[in-house]
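> Just to be clear, the model below is a prediction. Sequence and coordinates:
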Amino acid sequence: MNATRRERDLSHLRPGQSARVVAVVGEDGPSQRLRDLGFWPGVEIEVMLRAPFGDPTVYRLQGYRIALRRDEAARVEVEGVR
């Protein structure tokens, strides 16, 4: 990985941060579900809020909101964290 590129997974972002999807890791059912829901390279995602105990977290992308558990969000690699 290039040192100037700040890739990480979606589960590490805090409420108020946004990023761009790089990839969804895996070829199993849960990874395919994320792709079907619109987690494609280049899509902008914003972290809206996190449940009191940290799971699930609500994200906004492509005009809708979705709640993901931490293990699901960890499958989504992101870059350009703001």
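Arrived safely, thanks for sending.

> Tell me where the chain has helices.
For the chain, the helices defined by DSSP state H cover 29-36, 70-73.

> neighbouring contacts of the last one?
Among residues not part of helix 70-73, those counted as contacts by C-beta atoms under 8 Å, 6 or more residues apart in numbering are 9-11, 30, 34, 54-57, 59. From N, CA and C alone the C-beta is placed, and that goes for glycine too.

> Please narrow those to those residing in strands.
9, 57, 59 (DSSP state E).

> Go ahead and build a ChimeraX selection from the buried members of the contacts of helix 70-73.
Applying 16 or more other C-beta atoms under 10 Å to those, the buried members can be selected in ChimeraX as follows:
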select :9,10,11,34,56,57,59
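
> Flag whichever of the contacts of helix 70-73 scores worst on pLDDT.
Within the contacts of helix 70-73, residue 54 has the lowest pLDDT, namely 81.

> Give me the neighbour count for the residue nearest to that residue when sequence neighbours are not counted.
Once flanking residues are discounted, residue 54 sits nearest to residue 70: 7.0 Å by C-beta to C-beta, 6 or more residues apart in numbering. Residues lying near residue 70 (other C-beta atoms under 10 Å) number 15.

> next one: residue 27
Residue 27, neighbours per other C-beta under 10 Å, totals 8.

> One more: residue 47?
21.

> bridging residues for it?
Beta-bridge partners recorded for residue 47 (DSSP bridges): residue 59.

> That one reaches residue 65, doesn't it?
No. In this structure, residue 47 is not within contact of residue 65 by C-beta atoms under 8 Å, at 10.8 Å.

> which neighbours do those two share?
Both residue 47 and residue 65 are in contact with 58-59, where contact means C-beta under 8 Å, 6+ apart.

> for residue 49, what are its contacts?
Residue 49 touches 15, 57-58, counting by C-beta under 8 Å, 6+ apart.

> Next, work out how far apart the residue nearest to residue 54 and residue 51 are.
10 Å (C-beta to C-beta, to the nearest Å).

> Quickly list what's touching both of these two.
Counting by C-beta under 8 Å, 6+ apart, the residues touching both residue 70 and residue 51 are residue 57.
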